[in-house]
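Peer 1: Build me a model from this:
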Amino acid sequence: MFKDFAKGTADNGEYINRIMNNARICLNVNPGVTLHMRALEIIASCSFMLSRRTEFDGSPLSDYFSDEQVVLYDDEDDFLNKISFYIKSECERNRIAKNALTRAQEIFSYKAIAENILFSLNARLFG
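Peer 2: Numbering: from 1, shown residues only. This next block holds a predicted model:
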């Protein structure tokens, strides 16, 4: 059944962005790290993301995003319950995706990063 949907490797850029935008739910299942570049790409495409909560997470999404911005699942039952709920809840998916995008822009945009660097330099140089 999955082979009917799997179309091979997706090229970066517009192609993968289109795939993310057409998916109701994008999965983030990177081992060991939930704040992975792919997670940020999903968020930047303003798509809804469901990510596995990882016990020994080297870079947790939850350090940067709240439950109103990303949805994490704990185990298989939680995964199936959340898929069942969110697959039917377009308004809720869109709300969470927009919240995540807004938060990502606040902390990861060039403007936000430049402001952080300037603040750190000023604090370091002028105490």
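
Peer 1: hey, let's count contacts and neighbours off CA atoms from now on
Peer 2: OK.

Peer 1: show me where the chain has strands.
Peer 2: 26-28, 49-52, 71-73 (DSSP state E).

Peer 1: CA atoms only for the longest one - export them in CSV, please.
Peer 2: Taking Å, rounded to 0.1, in the frame of the first residue of the first chain, the C-alpha atoms of strand 49-52 are listed here in CSV:
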residue,chain,number,x,y,z
MET,A,49,4.3,18.8,11.7
LEU,A,50,4.0,15.8,14.0
SER,A,51,7.2,14.9,15.7
ARG,A,52,8.2,12.0,17.9
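
Peer 1: Give me the residues contacting that strand.
Peer 2: 25-29, 34, 39, 42-43, 70-75, 97 (CA atoms under 8 Å, 6 or more residues apart in numbering).

Peer 1: where's the longest helix that the chain contains relative to the chain centroid, distance-wise?
Peer 2: Secondary structure of the chain per DSSP state H: the longest helix is helix 90-108. Centre-to-centre, helix 90-108 and its host chain are 9 Å apart (CA atoms, centre = their mean, to the nearest Å).

Peer 1: per-residue pLDDT, I19?
Peer 2: Looking at I19, its pLDDT is 84.

Peer 1: Any regions of this protein where pLDDT drops low?
Peer 2: 1-2, 5 (pLDDT under 70).

Peer 1: quick one: the residue positioned nearest the centre of the chain from K3, how far?
Peer 2: Ranked by distance to the mean C-alpha position of the chain (CA atoms, centre = their mean), the top residue is A39 at 3.8 Å. Between A39 and K3 the distance is 24 Å, computed by CA to CA, to the nearest Å.

Peer 1: got it, and K98?
Peer 2: 31 Å.

Peer 1: do D11 as well
Peer 2: With CA to CA as the criterion, D11 and K3 are 18 Å apart.

Peer 1: mind listing what N17 touches?
Peer 2: 42, 45.

Peer 1: buried set for the longest helix of the chain?
Peer 2: 93, 96-101, 103-104 (16 or more other CA atoms under 10 Å).
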